[in-house]
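> what shape does this take:
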Amino acid sequence: MAELGFDIRLINGSNNCSGRVELYFEGQRRRMCDDGWDNASAHVVCKQLGCGYAISPQEGALFGEGTDPSWLLGVSCTGRESSLERCLSGQNGIQECTDGSAVSVICSGAAVPVRLVNGSSSCSGRVEFNSIGVWRAVCGSDWDMNNAEVVCRELGCGSAVSALRGSHFGQGQGSVWQYRMECTGRESSLERCDSHKLVGSFCSQKYSAGAVCSGNASQQHPTTTTPTGKDFST
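Okay, here's the model as predicted:
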C-alpha cells in the first residue's frame, strides 16, 4: 500500500516521547484508534520520533481522548519498519473511535538501541541490541572488527580495539538476537548495517558478541545515558 504522507506526534504526555498518538494529514489533526495497535506498532512510533523504544503501548484515555476527528488506521508492524506508514495494511478509513479506544505510548526517550554490558566500562562488554523493547545479546557468528567499529562509533566510544566472540563478557540473561550482522565499518549505527536472520541454525548466549573500544563515553558525551530496557515482549 502506498504511503499517505502523514506526520505523527505524541501529545499530553510528560515530554515529547510520551502521550496520545496523533496524526497530521492534509492539514487536519486526527487521533489514532487501536486497530492493530500492539508492542511492535508502538516501537515503530518511538523509533520514528527519535524516542528510542516503546516501554509501554497504551489503549484508552491514559493521556486523554482528545476531541479531534479519529482515524481508524489499520497497521501490522514487525517493529523493524522506519515509520508507521510502512505498516499500513488493509482498508483504512476515517471513523469515529469508540470511548476509550484512542492509543498512546510511553517511549524510553533514548535513541541509542545498542549497549555494552559487563565490561570494565561503558565502552567495553557484551554487545546487546534493543529489539522491540527487549535487550538481547548480539550473536557472535561472523562478528568482526567492522561490526565492533560501528558499535564503538555509535556509543561515542572512539574506535574498536577488539571484536570478541564466545561470550567473553559472560552469557547474560534471555535470548540472543537471531540475526547475523554484516557491517562495512562506515555505518553510523548498528541498525544501518545489513542483517540476515539465522536460518537452519541457532545462536545461544555462549556465542554472544563482545567489543572493546578505545574511548570513554562518559568523557566524550557526559549527557548521554544508556537505557536499561524493559522486556515486555517475547
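
> using PDB, write down the CA coordinates of the helix or strand encompassing residue 32.
In this structure, residue 32 is located in strand 28-32 according to DSSP states H and E. Extracted C-alpha coordinates of strand 28-32, given in PDB (Å, rounded to 0.1, in the frame of the first residue of the first chain):
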ATOM      1  CA  GLN A  28      -6.100  18.100   9.800                       C
ATOM      2  CA  ARG A  29      -5.200  16.600  13.200                       C
ATOM      3  CA  ARG A  30      -6.600  13.200  13.900                       C
ATOM      4  CA  ARG A  31      -6.500  10.700  16.800                       C
ATOM      5  CA  MET A  32      -5.500   7.200  16.100                       C
END
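
> the nearest residue to residue 48 once chain neighbours are set aside and residue 10: what is the separation?
Of all residues not flanking residue 48 in the chain, residue 83 sits nearest, at 4.8 Å (C-beta to C-beta, 6 or more residues apart in numbering). From N, CA and C alone the C-beta is placed, and that goes for glycine too. Residue 83 sits 15 Å away from residue 10, going by C-beta to C-beta, to the nearest Å.

> who has more neighbours out of those two?
Comparing residue 83 with residue 10 by other C-beta atoms under 10 Å, the one with more neighbours is residue 10, at 22 against 16.

> the more buried one against residue 102, yeah?
No - counting by C-beta atoms under 8 Å, residue 102 is not a contact partner of residue 10; they are 11.8 Å apart.

> wait, residue 77 touches residue 88, no?
No - counting by C-beta under 8 Å, residue 77 sits too far from residue 88 to count as a contact (9.7 Å).

> neighbour-wise, which of the two wins?
With neighbours defined as other C-beta under 10 Å, residue 77 and residue 88 compare such that residue 77 has more, 23 against 19.

> residues in contact with the more buried one?
36, 38, 40, 41, 43, 44, 84, 87 (C-beta atoms under 8 Å, 6 or more residues apart in numbering).

> farthest pair within the residues you listed?
36 and 43 (13.3 Å; C-beta to C-beta).

> who's more crowded, these two?
Neighbour count, other C-beta under 10 Å: between residue 36 and residue 43, residue 43 has more, with 30 against 18.

> any idea which helix or strand carries that one?
Taking DSSP H and E as the criterion, residue 43 maps to helix 39-48.

> ok, which stretches of this structure are helices?
Remark: helices assigned in the chain by DSSP state H are 39-48, 145-154, 217-220.

> tell me which residues in the first one are buried?
Just to be clear, that refers to helix 39-48. In terms of neighbour count (16 or more other C-beta atoms under 10 Å), helix 39-48 has its buried residues at 39, 40, 41, 42, 43, 44, 45, 46, 47, 48.

> still on that earlier bit, which strands or helices does the helix holding residue 43 pack on?
Counting contacts by 3 or more C-beta pairs under 8 Å, 6 or more residues apart in numbering; DSSP states H and E, helix 39-48 packs against strand 7-12, strand 54-59, strand 103-107.

> how about the first one as PDB, C-alpha atoms only?
What it means is strand 7-12. Output in PDB follows, covering the C-alpha atoms of strand 7-12 (Å, rounded to 0.1, in the frame of the first residue of the first chain):
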ATOM      1  CA  ASP A   7       3.100  13.300  10.200                       C
ATOM      2  CA  ILE A   8       2.900  11.900  13.700                       C
ATOM      3  CA  ARG A   9       3.400  13.200  17.300                       C
ATOM      4  CA  LEU A  10       2.700  12.400  20.900                       C
ATOM      5  CA  ILE A  11       0.700  14.900  23.000                       C
ATOM      6  CA  ASN A  12      -0.500  15.300  26.500                       C
END
